[in-house]
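Visitor: 3D, please:
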Amino acid sequence: MTETDRRDVVILGGGLVGLTLALALARQGITSHVIDAGDPGAQTAEGFDGRASAISTASWNLFGNIGVQPFLEPFASPITEIAVSDQLKPGELRFKPAEGDGSLGRMFENRRLRMALFEAVKGVTEIAYHPNSRVVERQRGAHGVAAVLADGTRYEGSLLVGAEGRGSPTREEAGLVVAKWNYGHRAIICGLAHEKPNDGIAWEIFYPAGPFALLPMNDDEMGRHRTALVWTVAEDDAAAWLKLGEKAFVAEAEKRMGGLLGRLDLASPRSSFPLGFHHAPTIVADRLALVGDAAHGIHPIAGQGLNLGLRDAAALAEVLGEGVRLGLDLGDAQMLKRYQDWRGLDDFMVAAATDGLTWIFGVPGRTAGAIRRLGISAIERTNPLKRWFMDEARGVSGKLPELLQDA
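Guide: Residues are numbered from 1 along each chain as shown. Purely as a prediction, here's the structure:
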């Protein structure tokens, strides 16, 4: 079979960022092909992905502006407060929104985010979604781009977008250099059911072995209180933690939580994924732009990875939308440079900050711990600094694309 179909943009990768970009482009009247190797049925099945994501205020605005909010609202678990602690010792840092600011974000299971995006793209004529499709050739030329599938099907456009994730073959093929390293840790993730309500508080408890994050989720259909756990452990220890019996694992988790949520039970299977850092200083090339994890991958320590990718999508959609109104070719080099300049600094600053936090809180010893707690106490007492951190967490600092602003 040989088929050719031309649209404005060809997006390689139909994950959370890729589909969000397609919807954002559609709002600008820009058509797209979204080509993804995954199977939607498998990606939305129970137990496929136990991960949960914090959606910042700005990202929630984006979902409202592109029509995704109605599919997510019933499942939102608001983050009412963020608590930061060094090993649950005195001197924790508490972030609470000011009156009128709303929540600090909303928690969702990744599975729910996928389901909402799949629903939102249905019937959007500007989007041609091609799941279960393997790209075997990427072409970029003077007059356009193309993605060729294994069966010979050819999808053409004016701009190629790499949105395949950390191992982006599009980025590698384009020769875009990436700075990267492995933290030597894995994140163990699972759902917990617990005795006490979580009160919407997200906890980030730092231990020398790595952060121990508790992310508030809604009660389940049986009325059980729930929290998503992201527990960072040494790479060499991860297999043992995953094989540990359920009761022993829960007992160890309870120990690190100091009774915050009372008695625990596992509410989902345990899984894990490696933690690493990567950052592409240059995220554009001839008729090519990178978004999301194809451009940057950071430690989940501050829960900003997905939000960073969603900011990429909103910025690229705005740049391309303005280009269309000016009659420019969507592969115009100066237009892509604007996207590079807009996102390059923000991507780097967030990546550097999360990487720095990982190292700072990983330094062992009493002296290091005392210095950390002193710093936490200083921030707690300095309202302007606390406000800056909260604005960063909510994604409302800096120059925001219109789609990230409250409609």
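Visitor: which parts of the stretch 1-150 of the chain are strands?
Guide: 4-6, 9-12, 32-35, 52-55, 77-78, 81-86, 93-95, 106-109, 127-130, 135-141, 144-149 (DSSP state E, counting those that start in this stretch).
Visitor: and those, which is most packed in?
Guide: Among the strands of the stretch 1-150 of the chain, judged by mean count of other CB atoms under 10 Å, the one packed with the most neighbours on average is strand 9-12 (a mean of 28). (Each C-beta comes from the backbone N, C-alpha and C, glycine too.)
Visitor: re the thing from before, for the strands of the stretch 1-150 of the chain, which one sits closest to His278?
Guide: Closest of those to His278 is strand 9-12, at 17.8 Å (criterion: CB to CB).
Visitor: quick check: mean pLDDT of that closest one?
Guide: Strand 9-12 comes out with an average pLDDT of 98.
Visitor: any chance of the strands of the stretch 1-150 of the chain in TSV with distance to Ile66 as columns?
Guide: Output for the strands of the stretch 1-150 of the chain, formatted as TSV (distance: least, CB to CB, whole Å):
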stretch	distance to Ile66
strand 4-6	23
strand 9-12	14
strand 32-35	13
strand 52-55	13
strand 77-78	21
strand 81-86	26
strand 93-95	28
strand 106-109	16
strand 127-130	11
strand 135-141	25
strand 144-149	23
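Visitor: please name the residues that touch the nearest residue to Leu113 once chain neighbours are set aside.
Guide: On the basis of CB to CB, 6 or more residues apart in numbering, the spatially nearest residue to Leu113 that is not a chain neighbour turns out to be Leu16, at 5.6 Å. Neighbouring residues of Leu16 by CB atoms under 8 Å, 6 or more residues apart in numbering: Ser53, Asn110, Leu113, Arg114, Leu117, Gly292, Leu306, Gly309, Leu310.
Visitor: any idea how far Gly15 is from the third one?
Guide: Note on Leu113: its distance to Gly15, by CB to CB, to the nearest Å, is 10 Å.
Visitor: ditto for the fifth one
Guide: When CB to CB is applied, the distance between Leu117 and Gly15 equals 9 Å.
Visitor: how about Ala142?
Guide: The value you get for Ala142 to Gly15, if CB to CB is used, is 30 Å.
Visitor: which one's more surrounded, those two?
Guide: Neighbours per residue, other CB atoms under 10 Å: of Ala142 and Gly15, the larger number sits with Gly15, 23 against 7.
Visitor: phi, psi for the more buried one please.
Guide: Here is the backbone geometry of Gly15 (degrees, to the nearest 10): phi -80, psi -160.
Visitor: so it makes contact with Gly165?
Guide: Yes - in this structure, Gly15 is within contact of Gly165 by CB atoms under 8 Å, at 6.5 Å.
Visitor: who touches both of those two?
Guide: With contacts defined as CB under 8 Å, 6+ apart, the residues adjacent to both Gly15 and Gly165 are Gly292.
Visitor: rewinding a little: among the strands of the stretch 1-150 of the chain, which is nearest Val284?
Guide: With distances scored as CB to CB, the stretch of the strands of the stretch 1-150 of the chain nearest to Val284 is strand 135-141 (11.6 Å).
Visitor: how long is stretch 32-41 end to end?
Guide: Its first and final residues considered, stretch 32-41 spans 22 Å by CA to CA, to the nearest Å.
Visitor: same check, this time on stretch 21-36
Guide: When the termini of stretch 21-36 are compared using CA to CA, they are 14 Å apart.
Visitor: can you point out the buried residues in it?
Guide: Within stretch 21-36, the residues that count as buried by 16 or more other CB atoms under 10 Å are 21-28, 30-36.
Visitor: pull the distance from that stretch to the chain's centre.
Guide: If you compare the mean C-alpha spot of stretch 21-36 with that of the full chain, they lie 19 Å apart, counting by CA atoms, centre = their mean, to the nearest Å.
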